[in-house]
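Trainee: The amino acid sequence is not available; the structure is as follows:
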């Protein structure tokens, strides 16, 4: 009996030892690398913001972060509802995204508030981020936020207006009171108009629903209209054009998508480029770069975009020099 117990004990010890040796010889299980999640927040749908969004995805891809493979993208669109921006940005934090990309100023402010100085936020085409209290300085943002700024080349936009309609003396400038970027560009453009010896007249809308009434009032008092980078103005562009075309008043815009919606002309920054640079910066931050010391990137080089159909409607002929620039380096919409 004792021999049997000794034999069984020896067998158990042998089997345990064999198991341990075999287990050690097995290859280690591969460590699954965590795929980062990027939350992208957009305040509403319109072509300019959609182009920025497309650019952000392309920029991430250029840095090796491919949607669905090496990065998970959580895209949220507030559809013009400001309360949705807060809810959606908070959702990003609750779900512990690795980074947030904010398209346009309202989305950036919502993401900044939700992040509370912790989760990195990349700005995608934000006008005056210092004035919007998103960063400390362009060169040293100083916190968890950096990205691209879409400050419009206002001087060249005014130059284009004067080249196309040199007889215009009173310039209507329409923007929305709820868009910091739109107000910033509108008031700076008004200063340039005054310096040029012309008369600016500022008009504001609260929402896109105001555009029809405000535009009808505006066209009675101005020779031409300027539409700055402003989310509500861009969304209501077709409404504005319906009014100005009837009144035979040309609209000069800040984005190529606005010209495609009927504005006469623009010296425009490509919205896609704004987004792509922001996406590349997001990729660098995901790789470990610190936003606090990552200077803001400016995309300011533009090109002439002309709407030939609108010119015919208004009875306006583009100067040869303006047309040539659009043909060689810009775009003519027919």
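Mentor: Now that the structure is in, tell me what you want to look at. Just so we're clear, the structure is a prediction, and the values are computed from it rather than from any experiment.

Trainee: the domain parsing of the protein - what is it?
Mentor: Domain segmentation of the chain under automatic domain parsing yields 37-150+271-298, 154-270+302-333.

Trainee: Next, format those as a markdown table and append mean pLDDT.
Mentor: Below are those laid out as a markdown table (pLDDT from 0 to 100):
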| stretch | mean pLDDT |
| --- | --- |
| domain 37-150+271-298 | 95 |
| domain 154-270+302-333 | 95 |
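
Trainee: mind putting those domains in CSV, mean neighbour count included?
Mentor: Placement of C-beta: from N, CA and C, glycine included. As requested, the domains of the chain are exported to CSV (neighbours: other CB atoms under 10 Å):
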stretch, mean neighbour count
domain 37-150+271-298, 21
domain 154-270+302-333, 20
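
Trainee: who touches the helix or strand hosting residue 49?
Mentor: Secondary structure from DSSP states H and E places residue 49 in helix 47-62. Outside helix 47-62, the residues that touch it by CB atoms under 8 Å, 6 or more residues apart in numbering are 38, 40, 42-43, 66-67, 71, 73, 75, 101, 103-104, 124-125, 229, 231, 234, 255, 257-258, 260-261, 270-283.

Trainee: From the residues you listed, which land in strands?
Mentor: The strands, defined by DSSP state E, take in 38, 40, 42, 73, 75, 101, 103, 124, 255 from the contacts of helix 47-62.

Trainee: ok, and what's touching stretch 81-88?
Mentor: With CB under 8 Å, 6+ apart as the criterion, stretch 81-88 contacts 41, 43, 76, 78, 106, 107, 109, 110, 113, 114, 178.

Trainee: do that again at 10 Å, thanks
Mentor: Stretch 81-88 is contacted from outside by 39, 41-44, 74-78, 100, 102, 104, 106-111, 113-114, 178, using CB atoms under 10 Å, 6 or more residues apart in numbering.

Trainee: Stretch 158-166 now?
Mentor: 153, 168, 171, 189, 192-193, 195-196, 198, 223-226, 249-252, 264-268, 302, 304-306, 311, 314, 316-319, 321-322, 325.

Trainee: picking that back up, quick check: of the ones in strands among the contacts of helix 47-62, which lies closest to residue 149?
Mentor: residue 124 (9.8 Å; CB to CB).

Trainee: Tell me the bridge partners for the closest one.
Mentor: Listed by DSSP bridges, the beta-bridge partners for residue 124 are residue 103.

Trainee: got the contact list for it?
Mentor: Counting by CB under 10 Å, 6+ apart, residue 124 touches 40-42, 49, 52-53, 55-56, 59, 101-104, 107-108, 147-150, 271, 274-279, 281-282.

Trainee: Over to residue 106?
Mentor: Taking CB under 10 Å, 6+ apart as the test, what residue 106 contacts is 41-44, 78, 80, 82, 85, 126, 132, 178-181, 231.

Trainee: Out of the ones in strands among the contacts of helix 47-62, which is nearest to residue 94?
Mentor: Of these, the one sitting nearest to residue 94 (CB to CB) turns out to be residue 38, at 15.4 Å.

Trainee: How about that closest one: what's its closest non-neighbour residue?
Mentor: residue 99 (5.0 Å; CB to CB, 6 or more residues apart in numbering).

Trainee: The one you found against residue 39, yeah?
Mentor: Yes: contact criterion CB atoms under 10 Å: residue 99 and residue 39 qualify, at 7.4 Å.

Trainee: Now for those two: what residues contact both?
Mentor: With CB under 10 Å, 6+ apart as the test, residue 99 and residue 39 both reach 92, 111, 119, 121.

Trainee: All the strands of the stretch 51-200 of the chain, in order from the start?
Mentor: 72-77, 99-103, 121-124, 145-149, 170-176, 199-205 (DSSP state E, counting those that start in this stretch).

Trainee: Of the ones you listed, which is nearest residue 298?
Mentor: strand 145-149 (5.3 Å).

Trainee: what angle sits between the helix holding residue 49 and strand 37-42?
Mentor: For helix 47-62 against strand 37-42, the angle by axes from the mean of the first three to the mean of the last three CA atoms, to 10 degrees is 160 degrees.

Trainee: Just the angle for helix 47-62 relative to strand 99-103, thanks.
Mentor: Using the same axes, to 10 degrees: helix 47-62 against strand 99-103 is 150 degrees.
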